[in-house]
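Novice: show me how the following folds:
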Amino acid sequence: MHLWAALEPRTRHLIRIGPAEYELPVGAREGMRVPGRIFASEKLIGEMDDQVYVQAANVATLPGIVGASLVMPDAHWGYGFPIGGVAAVDPRSGVISPGGIGFDINCGMRLVRSDLVWSEVAPRLRELVDALAARVPAGVGSRGFVRLGAHLLNGEARVVDNDYGRAELPRDVGQGDVVDVEMVLTAPNETGTYTIELDMVNEGICWFAQHGSKTASVELVAT
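Specialist: As a prediction, the model looks like this:
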């Protein structure tokens, strides 16, 4: 049975509890632990995708959810959560999701496992959060982690400078795309024949060649 079947017609179970606030009560679908709470005008309620209500009810079934499954006025159909959906969970019993919303405007989240334990992180939590905020691109005009990088090798194929250069990509690049990238490099101090090895780099994580990607090489003669 389609999850929405129990909610048809779609506003049947909605209870208006404020000028722009509606509740989808526990029981609108099986397994709900908390109600759904939708913040929208009557007009917006009528224009929301049917799946907003389905997904809001689904979120209300998550282990550890507290309060309500919240839905903002701009809500529309998402992946798992509705876009514009909000949920808080009890850290002792709740689920952890690195991507409850999805990718409707190229949103992205990353879950990274480390060898750190809580006793090591706790004393420096604020410092860690500030460092992440400074390092992770966000906001208008920010750039991503992936850049074109360069290694400088001498005539014996030994690395002279592992971080010889960086260049920003002019735009998001998909598989098979071709773009022109300009990189400004400083000539080596010593004369000789060198090799510039070009590789993509995911800053702070890895060079693409470490995972099998091919590099490009350019000969440089310093005189």
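
Novice: what is the burial count for residue 168?
Specialist: By other CB atoms under 10 Å, 13 other residues sit near residue 168. Backbone N, C-alpha and C define where each C-beta goes, glycine included.

Novice: that one reaches residue 147, doesn't it?
Specialist: Yes. Between residue 168 and residue 147 there is a contact at 5.9 Å, judged by CB atoms under 8 Å.

Novice: find the residues that touch each one of the two.
Specialist: Counting by CB atoms under 8 Å, 6 or more residues apart in numbering, residue 168 and residue 147 have no shared contacts at all.

Novice: gap between the two ends of stretch 18-35?
Specialist: End-to-end span of stretch 18-35 (CA to CA, to the nearest Å): 15 Å.

Novice: how about the strands in this protein?
Specialist: Assignment of strands within the chain using DSSP state E yields the ranges 15-18, 21-24, 36-39, 65-76, 83-89, 146-153, 159-167, 192-202, 206-207, 216-222.

Novice: so which elements touch the shortest one?
Specialist: Spelled out, it's strand 206-207. Under the contact definition 3 or more CB pairs under 8 Å, 6 or more residues apart in numbering; DSSP states H and E, strand 206-207 sits against strand 192-202.

Novice: tell me the angle of the strand it packs on relative to strand 216-222?
Specialist: 140 degrees (axes from the mean of the first three to the mean of the last three CA atoms, to 10 degrees).

Novice: now do residue 47 against residue 159, distance only.
Specialist: Separation of residue 47 from residue 159 (CB to CB, to the nearest Å): 59 Å.

Novice: pick out whichever of the two has more residues nearby.
Specialist: Neighbours were counted for residue 47 and for residue 159 using other CB under 10 Å; residue 159 has more, 13 against 10.

Novice: dump the residue contacts of the more buried one.
Specialist: Contacts for residue 159 (CB under 8 Å, 6+ apart) come out as 151-153.

Novice: do the same with residue 156
Specialist: Residues in contact with residue 156 (CB under 8 Å, 6+ apart): none are found.

Novice: can you give the domain ranges for this structure?
Specialist: Using automatic domain parsing, the domains assigned to the chain come out as 3-89, 146-222.

Novice: what does residue 25 show for phi and psi?
Specialist: Per-residue torsions, residue 25: phi -70, psi 160 (degrees, to the nearest 10).

Novice: give me the spatial nearest neighbour of it, chain neighbours excluded.
Specialist: Residue nearest to residue 25 in three dimensions, not counting chain neighbours: residue 35, with 5.2 Å by CB to CB, 6 or more residues apart in numbering.
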